[in-house]
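> The sequence and its predicted three-dimensional model are supplied below.
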Amino acid sequence: MKEDLPWSDPEKAARRLIKYAQEFKPIQDGRIYTEVLNYPFIDRDRATPAQYTAGMQYAKDAGWLEKMHESGTYTRITETGRLVEPFEFERPD
């Protein structure tokens, strides 16, 4: 069972995902591969796949990330997304 973390709030989840997108140096026409976002969010931040999906949807709806490519392998951060204040969180161990 996942501990009580802030990722049930889609906006906080989206801002955390934006943090990873902002830190990544995009490659090949600005692409940010899915694993760059989902691995740290699910593994290190201990989020669930549903929280990842909700955060990604929020980020897309807010115009921070482009719609995921039809292959599901990458997205791109928008100019608006580059300006978003990311959600910083230190997980208590």
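Perfect, thanks for sending it.

> Quick check: which element contains the residue positioned nearest the centre of the chain?
Nearest to the mean C-alpha position of the chain, by CA atoms, centre = their mean, lies Leu17 at 2.0 Å. Assigned by DSSP states H and E, Leu17 belongs to helix 10-23.

> Low-confidence stretches in this structure?
Scanning the chain for pLDDT under 70 picks out the ranges 1-3, 91-93.

> can you give me the helices in the chain?
10-23, 34-39, 49-61, 79-83 (DSSP state H).

> Point out the most buried one among those.
Highest mean neighbour count of the helices of the chain: helix 10-23, a mean of 21 (counted as mean count of other CB atoms under 10 Å). C-betas here are computed from N, CA, C, even on glycine.

> how big is the angle separating it from helix 49-61?
Helix 10-23 and helix 49-61 are oriented at 70 degrees to each other (axes from the mean of the first three to the mean of the last three CA atoms, to 10 degrees).

> Can you give the distance from helix 10-23 to the centre of its chain?
Centroid separation between helix 10-23 and its chain, computed with CA atoms, centre = their mean, to the nearest Å, is 4 Å.

> Counting by contacts, list what it packs against.
helix 34-39, helix 49-61, helix 79-83 (3 or more CB pairs under 8 Å, 6 or more residues apart in numbering; DSSP states H and E).

> Dump the second one to PDB, restricted to CA.
In this case it means helix 49-61. Taking C-alpha atoms only, helix 49-61 is exported to PDB below (Å, rounded to 0.1, in the frame of the first residue of the first chain):
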ATOM      1  CA  PRO A  49       0.200   4.600 -12.100                       C
ATOM      2  CA  ALA A  50      -3.200   6.200 -11.700                       C
ATOM      3  CA  GLN A  51      -1.600   9.300 -10.100                       C
ATOM      4  CA  TYR A  52       0.900   9.500 -12.900                       C
ATOM      5  CA  THR A  53      -1.900   9.400 -15.500                       C
ATOM      6  CA  ALA A  54      -3.900  12.000 -13.600                       C
ATOM      7  CA  GLY A  55      -0.900  14.300 -13.400                       C
ATOM      8  CA  MET A  56      -0.100  13.900 -17.000                       C
ATOM      9  CA  GLN A  57      -3.700  14.700 -18.000                       C
ATOM     10  CA  TYR A  58      -3.600  17.800 -15.800                       C
ATOM     11  CA  ALA A  59      -0.300  18.900 -17.400                       C
ATOM     12  CA  LYS A  60      -1.700  18.400 -20.900                       C
ATOM     13  CA  ASP A  61      -5.000  20.200 -20.000                       C
END
